[in-house]
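Q: sharing a sequence plus its predicted fold:
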Amino acid sequence: MGKLLAVALVGIAAALVGERLLALRRRLNASREVDPVELPNCRLVKGIERGSEDIDILPNGLAFISSGLKYPGMHNFAPDKPGEIFLMDLIEENPRAVELRISRGFDLASFSPHGISTYIGEDDSVYLFVVNHPHQKSTVEVFKFSEDDNSLVHLKTVRHDLLSSVNDIVAVGPDSFYATNDHYFSDFILMFLEMFLGLTWSNVVYYSPKEVKEVAAGFYSANGINISPDRKYIYVADILDHSVHVMEKHANWNLTHVKRLQLDTLLDNLFVDPYTGDIWTGCHPNGMKLIYYSPENLPASEVLRIQNILSEKPTVTRVYAENGSVLQGSSVAAVYEGKLLIGTVFHRALYCNL
Ligand SMILES: [Ca+2]
Ligand SMILES: [Ca+2]
């Protein structure tokens, strides 16, 4: 009888593991191959060789690019080098990526920049918020941009127990923001287990010096976050659910769910065109290829444009898709006056004329 019970238990455990594995493969879109969508006028950005995970663009065409992310389990072409922030002036005919100098006193050696967000203050000061992972932890660094000498002056480091596994942020004031935690856990093994079991413990947190609170929960893995041009709605990409959530922002900064748009790709960061309100996103068509990096089986890139997300029938356009031979693992797509800048988790960046 004892043996029968043991066999039955092992059988049940094996079936459960098998079922979870299949579910994980679905969430990673592990069988998807990408149908190419070409753009004719593109070039790789010189000087960006090890990631451009997130991009934000000011109304005057200055694009900030985070580079050199070290993320547990993710490929990295130069793991010993600290991260950088690049600037590109998209007004120029042939813009170059220039590395921004960072003020003294900031620990550059452990800089591992992830999601970013710009904020323009009342006196036209430009703030750059950067998710950082020094020593595998999560912080949010607030910088002031000095255009005169292309530098970032470090203002402060935000740490909080509720900001435990931060992926992206959207600034809503000179010292306040919404942040996504892509996992509940911050330890690599537990993060993997959380993903494997398909737990929906990832959330969105509001932070200000006066108040810090969870404002949305129940995501498989909340990733990119951004705000509508009228500043009424917050958009959150759930990368493992292949969806964008629209949340309404209230006066007390709480969020309520409005709708969810289902897609067939792993959406990473979200960029909102300030003129049209369109959402642009860098996506991973097949998350398995991103996690298990192999030069023989490269992670692809895909860019979607979502128009009229609040309407009954939003229009979703695949603007660019490529199997990784040019651009590996696109994580963001940002536009400025007919120009498209596509960033990647750990690879290069692509600049296109639309
Ligand atoms: Ca961002
Ligand atoms: Ca991201």
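A: Nice, I can see it. Numbers count the residues shown, from 1 in each chain. Ligands and ions are numbered 1, 2, ... in the order given.
Q: alpha carbons only for contacts and neighbour counts from here, please
A: Noted.
Q: what's near enough to touch the residue nearest to Arg159 when sequence neighbours are not counted?
A: Nearest residue to Arg159, sequence neighbours excluded (CA to CA, 6 or more residues apart in numbering): Thr139, at 5.1 Å. Taking CA atoms under 8 Å, 6 or more residues apart in numbering, we find Thr139 in contact with Val131, Asn132, His133, Thr157, Val158, Arg159, His160, Leu163, Val166.
Q: thought Val140 was touching the first one, still the case?
A: Yes: taking contacts as CA atoms under 8 Å, Val131 lies within contact range of Val140: 4.6 Å.
Q: what residues does the chain put near ligand 1?
A: Gly115, Ile116, Ser117 (CA under 5 Å from the ion).
Q: can I get those residues in JSON lines including neighbour count and pLDDT?
A: Output for those, formatted as JSON lines (neighbours: other CA atoms under 10 Å; pLDDT from 0 to 100):
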{"residue": "Gly115", "neighbour count": "30", "pLDDT": "98"}
{"residue": "Ile116", "neighbour count": "29", "pLDDT": "98"}
{"residue": "Ser117", "neighbour count": "25", "pLDDT": "98"}
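Q: wait, Asp182 sits on Gly224?
A: No: contact status for Asp182 versus Gly224: not in contact, 9.2 Å apart, counting by CA under 8 Å.
Q: hey, what's in contact with both of the two?
A: Asn167.
Q: any idea which of the contacts of Thr139 has the most stuff around it?
A: In terms of neighbours by other CA atoms under 10 Å, the contacts of Thr139 top out with Val166 at 29 neighbours.
Q: how about that one, phi and psi?
A: Taking degrees, to the nearest 10, you get phi -80, psi 140 for the backbone angles of Val166.
Q: list the contacts of it.
A: Contacts of Val166 (CA under 8 Å, 6+ apart): Val131, Ser138, Thr139, Ala179, Thr180, Asn181, Asp182.
Q: same check on Glu248?
A: Contacts of Glu248 (CA under 8 Å, 6+ apart): Lys232, Tyr233, Ile234, Leu255, Thr256, His257, Val258.
Q: how close does it sit to Val212?
A: Taking CA to CA, to the nearest Å as the measure, Glu248 falls 18 Å from Val212.
Q: please apply the same query to Thr118.
A: 20 Å.
Q: looking at those two, which one has more neighbours?
A: Thr118 (26 against 17).
Q: name the SS class of the more buried one, please.
A: strand (DSSP: H, G, I helix; E, B strand; the rest coil).
Q: how much space between it and Cys42?
A: Remark: distance between Thr118 and Cys42 (CA to CA) = 25 Å.
Q: related to what we said a few turns ago, adding pLDDT and distance to ligand 2, write the contacts of Val166 out as a markdown table.
A: Listed next are the contacts of Val166 as a markdown table, based on pLDDT from 0 to 100; distance: CA to the ion, whole Å:
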| residue | pLDDT | distance to ligand 2 |
| --- | --- | --- |
| Val131 | 98 | 10 |
| Ser138 | 97 | 13 |
| Thr139 | 98 | 15 |
| Ala179 | 98 | 11 |
| Thr180 | 98 | 9 |
| Asn181 | 98 | 10 |
| Asp182 | 97 | 9 |
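Q: which of those residues fall in strands?
A: Val131, Thr139, Ala179, Thr180, Asn181 (DSSP state E).
Q: distance check, Asn323 against ligand 1.
A: Plainly put, Asn323 is 24 Å away from ligand 1 if you go by CA to the ion, to the nearest Å.
Q: isn't that residue right up against Pro299?
A: Yes: taking contacts as CA under 8 Å, Asn323 lies within contact range of Pro299: 6.9 Å.
Q: which of these two has more neighbours?
A: Using other CA under 10 Å, the more surrounded residue of Asn323 and Pro299 is Pro299, with 27 against 20.
Q: so which of the contacts of Glu248 comes closest to ligand 1?
A: Nearest to ligand 1 out of the contacts of Glu248 is Ile234 (CA to the ion; 12.1 Å).
Q: so what's the residue count around that closest one?
A: For Ile234, using other CA under 10 Å, the count is 21.
Q: so that it lines up with my notes, have the first residue be 36 from now on.
A: Will do, 36 is the new start, and the previous item becomes Ile269.
Q: tell me the pLDDT at it?
A: Note for Ile269: predicted pLDDT of 98.
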